[in-house]
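[1] With the input below, show me the fold.
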Amino acid sequence: MLNINHQKFKELDQLSQQKVPFFFIIDFLMENVLIFNQKDLSEKKILVDFPHFKNMEKQNFIPKEILWKALPQSKEEYKKGFDIVQEHLKRGDSYLVNFTCETPVETNLSLEEIFYHSKAKYKVLIPNQLTFFSPETFVEILDQKIYTHPMKGTIDAAKENAKELLKNDVKEKAEHYTVVDLLRNDLSMIADEVHLDEFQRIDFLKTRNKNLYAMSSEISGNVKPEFQGKVGSLLQKILPAGSILGAPKPKTLEIILESEKHQRGFYTGIAGYFDGKNLDSCVMIRYIENKNSLYLKEKPNWVFKSGGGITHLSRLEDEYQEMKNKIYVPIH
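    Predicted coordinates:
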């Protein structure tokens, strides 16, 4: 099913074995793997703002009123894909499916303004094409120790006792347990002594319209000798990222391709930076794309891609609302 770009993953191996620093972006289906050195980033005007790597200057706040309007599909339209997912869940084909949608947005912000003024752990801008502001780490490698931080489960922070509700919600707990188990299994393919360091941590995500709480955990292990210094082989083994796919992976991917109307492209893929020794990477969520990027003279056609995990306990109204809740820019 997957048409993996094996040559590019080999190139990632070669560069990491040579201890050459590079930045990379891999799409959801592992077909497009973009690799950049510092000069490439500069020439293409690609901007990166990661915890340990930045190539942009700080900008002042936007001196204008921000216009932001999302035009989500109707609940009836959303239900068509949701029902396909639920049918597969009832058959036992999957335990968890991350179902996503594409939503047109209208804004007076440019991609550059969104990139510079959004507040997030990981941000990237490819001019005229896309930007994202992700709170979710995929994997980190520090001195051959690997960490992953699955994020699954959100709630409106304005709700009374929101943190407790999120931690104890039966559906959200089941979803989080499934992703943690999946990521622990994934990490076990490339690491030894894998264990859960932190479970159900609650993070606060501030936005202009609606603040959210998100649930995360941390899993770690020691990179197996055969994967040490081989960033490409290691990533190929554990992609696509479990937190934005579901479980079991192969069948769930089939369900996603059947139920989703849009092409994910780079959305829910990963981006990362290798400094010559250590690796930091993120899942590309909270993502805005210009569908007219190939036509420079055309007016930008902005779409925001968002979604959430669906289980057999999911309610249509709740999942539809969660998909809409995630259509935001963290400018405040």
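
[2] bridging residues for the closest residue to Asp49 other than its chain neighbours?
    Among residues not flanking Asp49 along the chain, Lys123 sits closest, at 4.1 Å (Cβ to Cβ, 6 or more residues apart in numbering). Yep, even glycine has a C-beta here, placed from its N, CA and C like the rest. With DSSP bridges applied, Lys123 shows beta-bridge pairing to Asp49, Phe133.

[3] mind checking how far Cys21 is from Glu289?
    Quick fix: residue 21 is Pro, not Cys. Here the distance between Pro21 and Glu289 works out to 27 Å (Cβ to Cβ, to the nearest Å).

[4] Where in this structure is the helix or strand with the lowest mean pLDDT?
    The helix or strand of the chain with the poorest confidence is strand 151-156; it has a mean of 78 (mean pLDDT, DSSP states H and E).

[5] can you list the residues that contact the helix or strand just after it?
    Reading on from strand 151-156 to the C-terminus, the next helix or strand found by DSSP states H and E is helix 162-168. If you take Cβ atoms under 8 Å, 6 or more residues apart in numbering as the criterion, helix 162-168 is touched by 153-156, 159, 172-173, 200, 202, 213, 215.

[6] Over to stretch 314-332?
    Applying Cβ under 8 Å, 6+ apart, the contact partners of stretch 314-332 are 62, 66, 68, 70, 72, 75, 78-79, 82, 86, 99-101, 103, 105, 107, 109, 114, 117-120, 133, 154, 156, 171, 205-210, 212, 286, 288, 304, 306-308, 310.

[7] Next, report how far that stretch is displaced from the centre of its chain.
    Per Cα atoms, centre = their mean, to the nearest Å, the displacement of stretch 314-332 from the mean C-alpha position of its chain is 15 Å.

[8] Poorly predicted segments of the stretch 101-250 of the chain, please.
    Segments of the stretch 101-250 of the chain classed as low confidence (criterion: pLDDT under 70) are 207-210.

[9] Please enumerate the strands of it.
    When assigned using DSSP state E, counting those that start in this stretch, the strands of the stretch 101-250 of the chain occupy the ranges 122-126, 130-134, 137-142, 145-148, 151-156, 191-205, 212-223, 246-247.

[10] Out of those strands, which gets nearest to Leu34?
    For the strands of the stretch 101-250 of the chain, distance to Leu34 was read as Cβ to Cβ. The smallest value, 8.7 Å, belongs to strand 122-126.

[11] can you give me how far the closest one is from the chain middle?
    Its chain's C-alpha centre and that of strand 122-126 lie 12 Å apart, by Cα atoms, centre = their mean.

[12] swap in stretch 118-135?
    In terms of Cα atoms, centre = their mean, the centre of stretch 118-135 is found 11 Å from the chain centre.

[13] residues in contact with that stretch?
    For stretch 118-135, with Cβ under 8 Å, 6+ apart as the criterion, the contacting residues are 25, 44-51, 111-112, 114-115, 136-137, 151, 203, 205-206, 214, 266-267, 271, 282-290, 293, 296, 300, 329-332.

[14] hmm, 6 Å instead?
    45-50, 111, 114-115, 271, 282, 284-290, 293, 329-331 (Cβ atoms under 6 Å, 6 or more residues apart in numbering).

[15] Can you give me the buried ones in that stretch?
    118, 120-135 (16 or more other Cβ atoms under 10 Å).
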